[in-house]
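Chemist: Based on what follows, work out the 3D shape:
(chains A and B)
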Amino acid sequence: MAETISMPKLGFDMAEGLLVRWVRQVGETINKGDVLAEIETDKATVEVESSASGVVLQLIVDQGTVVPVNAPIAIVGKAGEVISDQPAGISKKPADEKPLRAAPTVVPVSQAVVSAESDSVKASPLAKKIARDNKVNLANVQGTGPGGRIVRKDIEAALSSNQSPVTSVQSPSAVIVSHEDEAIAPTRLRQAIARRMTESKTSVPHFYVTHEYKMEAVMTLRKQVNEYLSDSEKLSVNDFIVKAVALALREFPNLNASFAGDKVVRHGAVNVGVAVAVENGLLTVVNKNTDQQPLRQISMDLKNKVAHAREGKVRPEDIEGSTFSVSNMGMYDVENFIAILNPPEAGILAVGSAREVPVVESGVLKVGWRMKATISVDHRVSDGAEAAKFMQALAGFLENPVRMLV
Amino acid sequence: MAKITMREAISQALMEEMDRDPAVFILGEEVGVWGGTYAVTKGFYDKYGAARVKDTPIAENAIIGAAIGAAMQGQRPIAELMTINFAFSAMDYIVNQAPKLHYMFGGQFTLPMVIRAVGGGGRQLGATHSQTPDAVFAHFPGLKVVSPGTPEDAKGLLKSAIRSNDPILFIEHATMYQVRGEVPDGEYTIPIGKSKIQREGKDVTIVTYCKGLELSMKAAEELSKEGVEVEVVDLRTLRPLDMQPVLESFKKTNRAVVVEEGWKSFGVGSEIVSRIYEEAFDYVDAPIIRVAQKEVPLPYNRMLEQAALPQVPDIVAAVKEVLK
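Modeler: Model prediction:
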């Protein structure tokens, strides 16, 4: 019996995904768990694994198509199997399935022009070339040739026009507005960041607590530990912070929580998300059950997931399920900064650089390692005093890091 | 510069080359005593005698076969076909022997021969005597196919053809012998296999040759009155085909019309359009249109014949279409 593979739901707010590429073609053998396709969501390009073993019998949607979550995308079955057995839900022609729509509205900027071409936009080869060379989105150009075909003079008119061709919501793509200004169409990721951050900053009441941590002990311990580890395994300062945050959160379950209208959900698991800068935005990769894992395991897990993210190949499980986030800009020589909450999390810790600074201890001026961190908290869930205590608890781990080893 | 007719230009080329090289001789039907069906060799028989201006039987395979044999022996025959339609009687010699002997015999022979053939419609000679099958001959590697559209080119190209060591089919148009044009004074030749811009323009490129050139130049003149500047590229030689001026022009105008007198299907225009798409695809701003003969055996009736042949208004309309 043939099995239908559907567009997976990779996040609580994912409604649709762009099928970027079919990795397997019709007729190829595939095992359960093998990568079948690559899809792009709001957050990243991820690989879709086949949930069945057999032969790829049908690819229901074309590459470049935006597919609603749970809509069928492929059928896997036995070689030669007749697909008329397929479940009723997918026997409909794609044309009947209204949610399917063409791609150019969603592809990243760097590909927008190309896919606009390959789509329904009619343009002469010359017009396409000039558009490509000048990063003009053909979807925004009015064609005056036969049948509305875009020809050279239309592109030239668009280029010489000082008015920016309207970048509609439906077709966010790079458009040259003049020789100086440039309108950059947001990628899906950028759009998601824009939407989520606006929503967070305007609807969640944030408050902030900053604490300065003595980092000598972490620096020393890290040096000692790393002497026993290979280059690929060496621990970063951030690994210690992540672990310390997880342990501190166990003591403050109210900060490992989500506001849910009529209730606050305190999460059973402590899953720490770590913000990773990627091209055109950032992603939060997630280490699950951080409080339960040894530092070395946390470190390896995050390294792998950060690498996936930077390659644009994160898997759904890499980015889902965080209950609290850490955003560390220590590598950029930042003294301190504050972060916007990543809904539905109730807390996020913004970490600055560990720096050698003059410090006064017991009336004596010395040189010490200090690091500032600021927690942002959803005021609907918690209050300043609780956050301040959390920051102190965090100090209890960071300043006595041996506690993280036992 | 003297202004002379196509007939005079061709006649001059033949005479100059016969004077220059005693190996050059002419053979064909009615070329001697009668002076040629189109009077191109008028006076040659008296001047050069029967040994160099040979009247032949009405047997095209014999004419071409004799020319091939003479060429293999080091002579420079110019074989005249009264009409290119008779070439079909000598097809094996023209496409299967002459173009391949040099190759098949490992270079032991060269074939310095010219086949002059009169082609084209418009003289009410009926379906079998009015064809423009140039593309058929241009299909075969080894046979050079030249077809000039001006007296200057006819003279210069024919002289080059006679001096060439390769077999060359030189196609003249039956309705163009009275066409006048300026011809350089004195000795000159024009290289075979070079296309030429016959009129400069910036809006659209017409690619054509022979009769198509005459029509296209008239169309360009009409269009210029409407502000459309047409660039006319004359192929002059179909094989070897020189696409460079065509491509350069097209990259400037981005729009083209190809004009030929032969049928559209599998024709010269098809070849030109394909090459533009292959070599200048990113410069295409509108579909390229072919103007050619209607896909029927050419009618005898004058009105029908003219309707079936490409005309100036067809070219004007095509140019306007590609400029849309």
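
Chemist: quick one: contacts of stretch B:236-247?
Modeler: B:134-135, B:137-138, B:140-141, B:143-149, B:153, B:157, B:190, B:192-197, B:205, B:207, B:209, B:233, B:235, B:268, B:271-272, B:275-276, B:279-280 (Cβ atoms under 8 Å, 6 or more residues apart in numbering or on different chains). Every C-beta, even on glycine, is put in place using the N, C-alpha and C of the backbone.

Chemist: Can you select the buried ones among those for me in PyMOL?
Modeler: Filtering the contacts of stretch B:236-247 down to the buried ones (16 or more other Cβ atoms under 10 Å in any protein chain shown) takes a single PyMOL command:
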select buried, chain B and resi 134+135+137+138+140+143+144+145+146+147+148+149+153+157+190+192+193+194+195+196+205+207+209+233+235+268+271+272+275+276+280
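
Chemist: Keep only those of the contacts of stretch B:236-247 that are in helices.
Modeler: Counting by DSSP state H, the part of those found in helices is B:134-135, B:137-138, B:153, B:157, B:268, B:271-272, B:275-276, B:279.

Chemist: Could I get those in a markdown table, plus columns for pLDDT?
Modeler: Below are these laid out as a markdown table (pLDDT from 0 to 100):
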| residue | pLDDT |
| --- | --- |
| B:134 | 98 |
| B:135 | 97 |
| B:137 | 98 |
| B:138 | 98 |
| B:153 | 98 |
| B:157 | 98 |
| B:268 | 98 |
| B:271 | 98 |
| B:272 | 98 |
| B:275 | 97 |
| B:276 | 97 |
| B:279 | 95 |
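
Chemist: Including distance to chain A, could the residues you listed go into a markdown table?
Modeler: Formatted as a markdown table, those follow (distance: Cβ to the nearest Cβ, whole Å):
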| residue | distance to chain A |
| --- | --- |
| B:134 | 29 |
| B:135 | 26 |
| B:137 | 32 |
| B:138 | 27 |
| B:153 | 31 |
| B:157 | 34 |
| B:268 | 23 |
| B:271 | 19 |
| B:272 | 17 |
| B:275 | 15 |
| B:276 | 11 |
| B:279 | 12 |
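
Chemist: Count residues in the vicinity of residue B:16, would you?
Modeler: Residue B:16 has 19 neighbours, counted by other Cβ atoms under 10 Å in any protein chain shown.

Chemist: what's the spacing between the helix or strand containing it and its chain's center?
Modeler: When secondary structure is defined by DSSP states H and E, residue B:16 falls within helix B:6-20. Computed by Cα atoms, centre = their mean, to the nearest Å, the chain-centroid distance of helix B:6-20 equals 17 Å.

Chemist: Run through the neighbouring helices and strands of that helix.
Modeler: With contacts taken as 3 or more Cβ pairs under 8 Å, 6 or more residues apart in numbering or on different chains; DSSP states H and E, helix B:6-20 sits against strand B:24-28, helix B:44-48, helix B:151-163, strand B:180-183.

Chemist: Direction included, what does the first one pair against?
Modeler: As defined by DSSP bridges, the strand partners of strand B:24-28 come to strand B:53-55 (parallel), strand B:76-81 (parallel).

Chemist: related to what we said a few turns ago, now do the helix holding residue B:16: everything it contacts.
Modeler: Contacts for helix B:6-20 (Cβ under 8 Å, 6+ apart): B:4, B:24-26, B:38-42, B:44, B:47-48, B:52, B:78, B:116, B:150-152, B:154-156, B:158-159, B:162-163, B:172, B:176-181, B:183, B:187.

Chemist: List the buried residues in that helix.
Modeler: For helix B:6-20, the neighbour count (16+ other Cβ under 10 Å) marks B:6-18 as buried.

Chemist: can you pull out the helices in chain A?
Modeler: Taking DSSP H to define them, one finds helices in chain A at A:88-91, A:109-118, A:125-134, A:152-160, A:188-203, A:216-226, A:237-251, A:295-310, A:316-319, A:384-398.

Chemist: Quick one: mean pLDDT for stretch A:343-353?
Modeler: For stretch A:343-353, the mean per-residue pLDDT is 94.

Chemist: same question, stretch B:288-296
Modeler: Here the average pLDDT along stretch B:288-296 is 97.

Chemist: for that stretch, which positions count as buried?
Modeler: For stretch B:288-296, the neighbour count (16+ other Cβ under 10 Å) marks B:288-293 as buried.

Chemist: CA-only coordinates of whichever helix or strand residue B:313 is part of in CSV, if you can.
Modeler: For residue B:313, the element it lies in under DSSP H and E is helix B:312-322. Extracted C-alpha coordinates of helix B:312-322, given in CSV (Å, rounded to 0.1, in the frame of the first residue of the first chain):
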residue,chain,number,x,y,z
VAL,B,312,8.0,44.2,-50.0
PRO,B,313,4.7,44.7,-48.0
ASP,B,314,5.2,41.3,-46.4
ILE,B,315,8.6,42.4,-45.2
VAL,B,316,7.3,45.8,-43.9
ALA,B,317,4.6,44.0,-42.1
ALA,B,318,7.0,41.5,-40.5
VAL,B,319,9.3,44.3,-39.4
LYS,B,320,6.4,46.1,-37.7
GLU,B,321,5.3,42.8,-36.1
VAL,B,322,8.7,42.2,-34.5
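
Chemist: What are the boundaries of the strands in the stretch 251-400 of chain A?
Modeler: Counting by DSSP state E, counting those that start in this stretch, one finds strands in the stretch 251-400 of chain A at the ranges A:257-259, A:264-266, A:272-278, A:281-287, A:324-328, A:347-361, A:364-378.

Chemist: right, so the ones you listed: which one is the most enclosed?
Modeler: Highest mean neighbour count among these (mean count of other Cβ atoms under 10 Å in any protein chain shown): strand A:324-328, with a mean of 24.

Chemist: thought residue A:196 was touching residue A:343?
Modeler: Yes: counting by Cβ atoms under 8 Å, residue A:343 is a contact partner of residue A:196 at 6.5 Å.

Chemist: Need the strands of the stretch 251-400 of chain A in CSV (columns: distance to chain B).
Modeler: Below are these laid out as CSV (distance: least, Cβ to the nearest Cβ, whole Å):
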stretch, distance to chain B
strand A:257-259, 54
strand A:264-266, 57
strand A:272-278, 33
strand A:281-287, 33
strand A:324-328, 46
strand A:347-361, 49
strand A:364-378, 52
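
Chemist: domains of chain A?
Modeler: Using automatic domain parsing, the domains assigned to chain A come out as A:3-103, A:109-186, A:191-404.

Chemist: Residue B:130: which of those is closest?
Modeler: domain A:109-186 (34.6 Å; Cβ to Cβ).

Chemist: how about the residues of the stretch 1-150 of chain A that lie near chain B?
Modeler: Contacts of the stretch 1-150 of chain A with chain B, taken as Cβ under 8 Å from any Cβ of the partner chain, map to A:124-129, A:145-146, A:149.

Chemist: For PyMOL, what selects the buried ones among those?
Modeler: To isolate the buried ones among those in PyMOL, judged by 16+ other Cβ under 10 Å, type:
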select buried, chain A and resi 124+125+126+127+128+129+145+149
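
Chemist: quick one: contacts for residue B:185?
Modeler: Residue B:185 makes contact with B:1-2 under the criterion Cβ under 8 Å, 6+ apart.

Chemist: Need the winner for burial among the helices and strands packed on helix B:6-20.
Modeler: Comparing the helices and strands packed on helix B:6-20 by mean neighbour count (mean count of other Cβ under 10 Å), helix B:151-163 ranks first with a mean of 25.

Chemist: Can you spell out which helices and strands pack onto whichever helix or strand comes after that one?
Modeler: Per DSSP H and E, the first helix or strand lying C-terminal to helix B:151-163 is strand B:168-173. Secondary-structure packing of strand B:168-173 (3+ Cβ pairs under 8 Å, 6+ apart): strand B:114-119, helix B:134-138, strand B:144-146, helix B:151-163.
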